[in-house]
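Visitor: give me the fold of what follows.
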Amino acid sequence: MSARLSIICIWLCFIILLVLGIMMVASTGLSAYVPNGGSSAQFLYKQCGFAFLGLVAALGVSAMNYQKLRPWVKGIWVLCVVLLVMCYLPYVGMEINGEKRWVNLGILSFQPSEVAKIGMMITLADWYTTHREMPGTFWRGFMLPGAVLFGIPLALILCEKDMGTAAALAVSGGCVMYVAGVRNWLLFTAMLIGAVLMFDMATGNENRMERIYAWFDPQAFSQGVGRQQWIAILAFARGGVSGVGLGDGIEKFGNLPFAHTDFIFAEVGEEWGLVGTLGVLLLFTLLTIFGIMLALQTQDTFGRLLATGLVCTIFWPAVLNMAVVTSLLPNSGLPLPFISYGGTNLVFTIVSIGLLTSIQRHTPIVKKIYWPKNLLKNQS
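Guide: Below you'll find the model as predicted:
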């Protein structure tokens, strides 16, 4: 399959997911709580506005040569760190549901972690392109890029108590490092250390431990911290194979908290049934496959690694969200890309599609696919 066909398929999957997301926000937003007595239709209007802004940005990015990002990598990294630090500043950082994910600048509020996930992928891709002969070394191939360039922003996100985003980004960064040629035992060791750290954070916090208990038995905690996952199970059961129809779901009406954001996949199951949920899973899978094929066909190292990272920052959050909603993992509060309501996540995820398009348009493409162990060979 040619790289051009791959990017066309990526856009097709993305557009279908985006349209489905707008439809589901229209359905679930009508039942969502609106502060200050506002109109429930505002979720739909805002989501459409975010989608339009993201599409405009993606088209602009796709026309830009992605190689022009490389001279600005240090500035991009510093900007990401500064934005993440702002989450902890008084009167600027916003704490919602015990998590400090947001920055409020008065006329604008956003999640810096969504900006940082693209910046972190750009930083890693640039580092391994500049030091392409050293991915197998300990200091320049693993410690400096992993513990410093990637680790500092990741630690700031983790300390926001945003364990879901941190976990998805950690896996995405690990995929980029693997493709770059970092030694497997180093990545495996880092994975074990990260797992131990997250386990310690989970067991050391009463709220997180309650989420874990609820994960083991959602029904027993159905009136408390396990309510979302238990109602989600009921929504899937009610939807059956074909669903009850768009807009006809009932669990969203006061029963399922955050039905238009983190748990919108449950409403997809109720209103579209098993057919709809498998369709969403298939679309994310196809988008990922075509994205990896594009990366493997990209002759430029920076573009190849960046494409891998961008695809992973879409795929892994989607997998974790669907795993949480179906009670395969404890509740982590992660949105479903392209479908969940939310401005920052939607805009910057669409921008990722624009960057993938830029990679396809502005780099030589090889006909032969080079698999991960050969990715740093055959340079342009």
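
Visitor: other residues contacting stretch 119-134?
Guide: With CB atoms under 8 Å, 6 or more residues apart in numbering as the test, stretch 119-134 has contacts from 69-70, 73, 76-77, 79-80, 135, 140-141, 144-145, 149-150, 153-154, 169, 172-173, 176-177, 180-181, 301-303, 305-306, 309-310, 312-313, 376, 379. Where you see a C-beta, it was placed from the backbone N, CA and C, and this is true even at glycine.

Visitor: average model confidence for stretch 337-346?
Guide: Throughout stretch 337-346, pLDDT has a mean value of 92.

Visitor: and what of stretch 180-193?
Guide: Throughout stretch 180-193, pLDDT has a mean value of 90.

Visitor: and it, how far from the chain's centre?
Guide: Counting by CA atoms, centre = their mean, to the nearest Å, stretch 180-193 is centred 22 Å from the centre of its parent chain.

Visitor: buried ones in it?
Guide: 180-183, 186-187, 190 (16 or more other CB atoms under 10 Å).

Visitor: just stretch 140-150 next, same as before
Guide: Neighbour-count burial for stretch 140-150 flags 140-142, 144-146, 149-150 (criterion: 16+ other CB under 10 Å).

Visitor: for Gly342, see how far away Gly54 is.
Guide: 11 Å (CB to CB, to the nearest Å).

Visitor: also Pro364?
Guide: Distance from Pro364 to Gly342, by CB to CB: 36 Å.

Visitor: sorry, back to before: what's the closest of the buried residues of stretch 140-150 to Gly254?
Guide: Minimum distance to Gly254 across those is 41.5 Å, recorded for Phe150 (CB to CB).

Visitor: correct me, but that closest one touches Gly174?
Guide: No - using CB atoms under 8 Å, Phe150 is not in contact with Gly174; the gap is 9.4 Å.

Visitor: quick one on the thing from earlier: which of the buried residues of stretch 180-193 sit farthest apart?
Guide: Farthest pair in the buried residues of stretch 180-193 (CB to CB) is Gly181 and Ala190. Separation: 15.0 Å.

Visitor: the helix-or-strand element of the chain with minimal mean pLDDT packs against which elements?
Guide: Ranked by mean pLDDT, DSSP states H and E, the weakest helix or strand in the chain is helix 206-216, scoring a mean of 73. Applying 3 or more CB pairs under 8 Å, 6 or more residues apart in numbering; DSSP states H and E, we find helix 206-216 packed against helix 184-203.

Visitor: what's next to the helix it packs on, contact-wise?
Guide: For helix 184-203, contacts defined as CB under 8 Å, 6+ apart pick out 138, 141-142, 146, 158, 163, 166-167, 170, 174, 177-178, 208-209, 212, 330.

Visitor: tell me if Lys100 really is in a helix.
Guide: No - secondary structure assignment (DSSP: H, G, I helix; E, B strand; the rest coil) places Lys100 in strand, not in a helix.

Visitor: returning to what we had before: now the following helix or strand past the least confident helix or strand of the chain against helix 206-216, angle please.
Guide: The helix or strand immediately downstream of helix 206-216 is helix 227-239, counting by DSSP states H and E. For helix 227-239 against helix 206-216, the angle by axes from the mean of the first three to the mean of the last three CA atoms, to 10 degrees is 30 degrees.

Visitor: okay, buried residues for helix 227-239 please.
Guide: 227-236, 238-239.

Visitor: which one of these is nearest to Gly29?
Guide: Within these, proximity to Gly29 (CB to CB) peaks at Ala235, which comes in at 16.2 Å.

Visitor: so who does that closest one touch?
Guide: Taking CB under 8 Å, 6+ apart, we find Ala235 in contact with 249, 251, 256, 266-267, 269-270.

Visitor: buried ones among those residues?
Guide: Buried among the contacts of Ala235 (16+ other CB under 10 Å): 249, 251, 256, 266-267, 269-270.

Visitor: now, which of these lie within strands?
Guide: Of those, none are assigned to strands by DSSP state E.

Visitor: just give me the neighbour total for Met198.
Guide: Neighbour count of Met198, defined by other CB atoms under 10 Å: 16.

Visitor: could I get the buried residues of stretch 180-193 in JSON lines, plus columns for distance to Ile107?
Guide: Listed next are the buried residues of stretch 180-193 as JSON lines, based on distance: CB to CB, whole Å:
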{"residue": "Ala180", "distance to Ile107": "40"}
{"residue": "Gly181", "distance to Ile107": "45"}
{"residue": "Val182", "distance to Ile107": "42"}
{"residue": "Arg183", "distance to Ile107": "47"}
{"residue": "Leu186", "distance to Ile107": "45"}
{"residue": "Leu187", "distance to Ile107": "42"}
{"residue": "Ala190", "distance to Ile107": "40"}
